[in-house]
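S.K.: What follows is a protein structure lacking sequence information:
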């Protein structure tokens, strides 16, 4: 069964304290792995797409990496405004399915 | 501005009273989806559509209906809502498979 697991569930960091969030997946035929940020009361906001093992993407203090079994979202020198829930989603399988499988997210709190 | 618009944003109603949540996108996207988000369960796909008049079930379709008569609109229909459908609902659209989804800001439904 296709599955996406994120860890930790919650993470509290001090401003400037770098860390990583994990997204591990077991799917039949990865067609894309997506990272989103979700603020309270809002819909998920797209951050990155990764398609193949070894791929990396960067945006400001965030860097996403992908292996054959997991993805990491590295946060370098975070600021309080980086506080949010970070979601990972995987599109799997062949054909024209629009099915996405989401993890349950990591709630990040960055304290000043 | 490119966006996905859901209405209403909040709704409190009673068991058995039919309701419709509207979703509209202005990006000419082919694919649209509905999700529900519950604590500890993450985002789960209810239904998705790959084009006008083409829809398919996601992971949790029971108790829901959808239609796609126009490309821009994808309403979610609860014919006889029940309390276990109390949740936060998101509509999303994407241009093609493998590209990121754009989410609306959500509809919080409470079924009493």
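M.R.: Okay, I see it. A quick note: this is a predicted structure, and the numbers were derived from the prediction, not measured.
S.K.: For the rest of this, base every contact and every neighbour count on C-alpha atoms.
M.R.: Fine.
S.K.: Just checking: what are the partner strands of the strand or helix carrying residue A:107?
M.R.: Per DSSP states H and E: residue A:107 is located in strand A:106-111. Strand A:106-111 has its sheet partners listed here by DSSP bridges as strand A:10-14 (parallel), strand A:84-92 (antiparallel).
S.K.: what residues are up against residue 10?
M.R.: I went with chain A, as the question did not name one. Residues near residue A:10 by C-alpha atoms under 8 Å, 6 or more residues apart in numbering or on different chains: A:106, A:107, A:108, A:109.
S.K.: you looked at the wrong chain, it should be chain B
M.R.: By C-alpha under 8 Å, 6+ apart, the contact list for residue B:10 reads B:107, B:108, B:109.
S.K.: Most neighbours out of these, which is it?
M.R.: By neighbour count, taken as other C-alpha atoms under 10 Å in any protein chain shown, the most surrounded of the contacts of residue B:10 turns out to be residue B:107 (23 neighbours).
S.K.: So for it, what's the pLDDT?
M.R.: At residue B:107, the model reports a pLDDT of 98.
S.K.: what are the bridge partners for it, then?
M.R.: residue B:89.
S.K.: Write out the residues of chain A neighbouring chain B.
M.R.: Proximity of chain A to chain B (C-alpha under 8 Å from any C-alpha of the partner chain) is limited to residues A:31-32, A:34, A:41-46, A:49, A:91, A:96-105.
S.K.: What's the ChimeraX line that selects buried ones from the residues you listed?
M.R.: Here is the ChimeraX command that selects the buried residues among the residues of chain A next to chain B (16 or more other C-alpha atoms under 10 Å in any protein chain shown):
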select /A:31,32,34,43,44,45,46,49,91,97,98,99,100,101,102,103,104,105
